[in-house]
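Novice: Need a 3D model of the following:
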Amino acid sequence: MKKTAFVLGLGPSLFDFIEDVLTPNYKPDLIVGVNDICRFVDVDILVCVDTPQTFNPDRLAIIKNSKPGCNFLSHLSDWSLQPGYERILLTSGAPTSSNLFNPHYWASSTSTYVAVQVAARLGFKEIVMYGVDLTGHKVLSSPDVVKEINIRYLQLAKCLKFHDINLYIGSDRSALKLPVWDL
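Specialist: Here you go, the predicted model:
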């Protein structure tokens, strides 16, 4: 039975995951990461919803050299030469409990929002986010943007809960207003 999937962003609480969860005694069932997360953690699935031009050369090189065999999901054909590339469909709007698992993924201003949906579609009933702190990123410079992202994640969590899927944050360092997972 599929247990816990971890969705990793690049915020400060990512290091809580590295220190507290990635231990020799614990092997995560699934790790879905975003962008250049592979500089810190090997992942099973990498999600990238930004164009290659978005990244500075160092970050871009890390993404392009992500571990072989890693599934690479994006809606952008710019990434089609990546090993393991699979094109996904993104759409605007908001998920509901009845349309959450339509063929497309619901877009947001954060890649981790899509990564959570990937884990849910793979059948995981517990999804824990680390590094999704809503701090220190240029997209998050406005309190209104952070508020809107919180609303989107809460709506997603509600839709997931309807399908008996629990969404947590892994660290209380996150600005997301979701329950904290207990390791």
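Novice: so what's F162 closest to, chain neighbours aside?
Specialist: S97 (3.7 Å; CB to CB, 6 or more residues apart in numbering). To be clear about C-beta, it is placed using only N, CA and C from the backbone, and glycine gets the same treatment.
Novice: Backbone dihedrals for that neighbour, please?
Specialist: S97 adopts backbone torsions of phi -60, psi -30, taken as degrees, to the nearest 10.
Novice: residues in contact with it?
Specialist: 158-159, 162-163 (CB atoms under 8 Å, 6 or more residues apart in numbering).
Novice: By neighbours, which of those residues wins?
Specialist: C159 (22 neighbours; other CB atoms under 10 Å).
Novice: how long is stretch 120-132 end to end?
Specialist: 17 Å (CA to CA, to the nearest Å).
Novice: hmm, back to that, format the contacts of S97 as JSON lines; extra columns: distance to E126.
Specialist: What follows is the contacts of S97, written out as JSON lines (distance: CB to CB, whole Å):
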{"residue": "K158", "distance to E126": "16"}
{"residue": "C159", "distance to E126": "15"}
{"residue": "F162", "distance to E126": "15"}
{"residue": "H163", "distance to E126": "12"}
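Novice: Dump those residues to CSV, plus secondary structure.
Specialist: Below are the contacts of S97 laid out as CSV (DSSP: H, G, I helix; E, B strand; the rest coil):
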residue, secondary structure
K158, helix
C159, helix
F162, helix
H163, coil
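Novice: Determine which two of these are furthest apart.
Specialist: Within the contacts of S97, K158 and H163 form the most distant pair, 10.3 Å apart (CB to CB).
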